[in-house]
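Q: quick check, what structure comes out for this input:
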Amino acid sequence: MIYFFLATGFEDIEMIAPLDIVRRAGIEARTVSITGEKVVTSAHGVGFLADALLEEIDFSKADMLVLPGGLPGAANLDACQPLCDGIMKHFRAGKKLAAICAAPMVYGHLGILDGLKATCYPGFETELAGAEYTAAVCQQDGQFITACGPGAAMEFGYTITEAMGKTVEAAGLREGMMYNKLFR
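A: Residues are numbered from 1 along each chain as shown. Okay, here's the model as predicted:
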């Protein structure tokens with residue numbers, strides 16, 4: 001199970017593309033609103049209906065937590081103490097964590113990227129406390145996957161899929177969705 005966390009102002013494509021890819025791969029994934037409301041408004045004014053509210057989920061049931069970026073979405077995730085508490089429990093359990101664009105700053109502010117390679121949207125690298133900023137499109141290190149921004153959303157989704165043990169499915173999706181033809 002993967003939880004995708006939605007905060008007001010999240011970047012649309014950074015949630016939609018990876019969610020679409022993991023679901024196509026047969027991975028159970030749910031969107032979770034941190035706002036107290038099921039409908040969450042994206043950075044571009046689109047209302048998305050979340051599958052669950054933060055207070056309804058059990059972090060221990062998730063194999064991976066995913067944070068879409070965007071502003072003010074990433075800052076809203078960063079300010080959500082119940083989410084940060086859940087992230088820390090997940091981290092201490094050795095489970096996977098992923099974030100894209102500005103959202104890796106949440107992990108940086110929690111001090112859990114220390115000594116790891118990470119990427120993010122340019123200009124947010126100073127928020128990755130203790131990490132080695134790589135400027136890669138998508139970076140895996142330890143239990144973390146980070147990506148640089150909206151243009152990396154599909155690669156982020158395929159990388160998450162692979163990290164969930166669905167390497168064959170990810171390869172098939174790269175072909176079937178024409179990603180390899182267009183971007184490789």
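Q: alpha carbons only for contacts and neighbour counts from here, please
A: Noted.
Q: average pLDDT for stretch 61-69?
A: For stretch 61-69, mean pLDDT rounds to 98.
Q: CA atoms of that stretch as CSV?
A: The C-alpha trace of stretch 61-69 is given here as CSV (Å, rounded to 0.1, in the frame of the first residue of the first chain):
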residue,chain,number,x,y,z
LYS,A,61,-0.4,-0.4,6.8
ALA,A,62,1.7,1.6,4.3
ASP,A,63,4.8,0.3,2.5
MET,A,64,5.6,3.8,1.2
LEU,A,65,4.6,7.4,1.8
VAL,A,66,4.7,9.8,-1.1
LEU,A,67,4.7,13.6,-0.9
PRO,A,68,3.9,15.6,-4.0
GLY,A,69,5.5,19.0,-4.3
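Q: touching that stretch from outside, list them.
A: For stretch 61-69, the surrounding residues in contact (C-alpha atoms under 8 Å, 6 or more residues apart in numbering) are 1-6, 10-11, 14-15, 74, 77, 87, 95-104, 149.
Q: cutoff 7 Å now
A: Stretch 61-69 is contacted by residues 1-5, 10-11, 14-15, 95-103 when judged by C-alpha atoms under 7 Å, 6 or more residues apart in numbering.
Q: in helices, which of these fall?
A: Using DSSP state H, the members of the contacts of stretch 61-69 that fall in helices are 14-15.
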